[in-house]
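need a 3D model of the sequence below.
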Amino acid sequence: MFYKNNVNLMLRNCLFYVNNCYIYVVVTNLILSIMKKILVFALLLSVTFTSAQNETIHPKFEKQGDIILATYYHNNGEIAQKGYFNKANKLEGTWVSFNNKGTKQSIGQYTNGVKVGKWLFWKENSLREVDYNNNVIANVGEWKNKTHLAIAD
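Here you go, the predicted structure:
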């Protein structure tokens, strides 16, 4: 009798354990399934935000007679560069560059794709003047006193 009661008790404990184990597996699988869905959703969300932040703004080209005005943009929508191309698709005339806050950084001249004349480069409180002759630097001057600088606007 003692043996039979112990076996019954052991069987009941074993069945109870098996049931708990079964319930544990079902709950674990359910939690893993939910976690996978949350992870997939989070990945999709992060990819969406990442691609939205890295979205590039395409340049704009406007034909003006025989030349084309090109405007390139930073990712934040500010103008990065503005200048002209000639019929042969070479840089022509005045080109101006801006930083991502819209502040002018440089201005210079091209003739048929070649840098010519005076180019001005602004950086914080200094101005650098570079003279080009047929794409070759002929002279460089620099000013650091803000009161004597050419205005970048």
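
can you tell me how far G93 sits from I107?
11 Å (Cβ to Cβ, to the nearest Å). In this view, the C-beta of every residue, glycine as well, is placed from N, C-alpha and C.

more neighbours: the two, which one.
I107 (18 against 14; other Cβ atoms under 10 Å).

mind listing what that one touches?
T94, W95, V96, S97, W119, L120 (Cβ atoms under 8 Å, 6 or more residues apart in numbering).

what's it sitting at in phi/psi?
Phi and psi for I107, reported as degrees, to the nearest 10, are phi -150, psi 140.

now it, which residues is it bridged with?
For I107, the beta-bridge partners are V96, L120 (DSSP bridges).

how near is it to A88?
Counting by Cβ to Cβ, the gap from I107 to A88 is 23 Å.

lowest confidence element among the helices and strands of the chain?
In the chain, no helix or strand scores lower on mean pLDDT, DSSP states H and E than helix 2-53, which sits at a mean of 58.

excluding sequence neighbours, find me the nearest residue to Q64.
Y84 (7.9 Å; Cβ to Cβ, 6 or more residues apart in numbering).

Q81 contacts N99, correct?
No: look at Q81 against N99 with Cβ atoms under 8 Å: they stay out of range, at 10.9 Å.

returning to that earlier point: what average pLDDT does the helix or strand hosting the residue nearest to Q64 get?
Assigned by DSSP states H and E, Y84 belongs to strand 79-85. Over the span of strand 79-85, the pLDDT mean works out to 96.

again with stretch 109-129
Here the average pLDDT along stretch 109-129 is 91.

in that stretch, what counts as buried?
Q109, Y110, T111, K115, W119, L120, F121, W122, L127 (16 or more other Cβ atoms under 10 Å).

name the residues that touch it?
83, 86, 88, 90-95, 103-108, 130-135, 139-144, 146, 149-150, 152.

just the CA trace of that stretch, in CSV.
The C-alpha trace of stretch 109-129 is given here as CSV (Å, rounded to 0.1, in the frame of the first residue of the first chain):
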residue,chain,number,x,y,z
GLN,A,109,35.0,81.6,-61.9
TYR,A,110,35.3,78.8,-64.5
THR,A,111,36.0,79.1,-68.2
ASN,A,112,35.3,76.0,-70.1
GLY,A,113,35.9,73.8,-67.0
VAL,A,114,39.1,75.6,-66.0
LYS,A,115,39.5,77.6,-62.7
VAL,A,116,40.4,81.2,-63.6
GLY,A,117,40.7,84.5,-61.8
LYS,A,118,40.2,85.3,-58.1
TRP,A,119,38.5,82.7,-55.9
LEU,A,120,37.4,83.6,-52.4
PHE,A,121,37.1,81.1,-49.5
TRP,A,122,35.4,82.1,-46.2
LYS,A,123,36.1,80.1,-43.1
GLU,A,124,34.8,81.3,-39.7
ASN,A,125,36.7,84.7,-39.3
SER,A,126,39.2,84.4,-42.1
LEU,A,127,39.1,85.0,-45.9
ARG,A,128,41.4,83.3,-48.3
GLU,A,129,41.9,84.7,-51.8
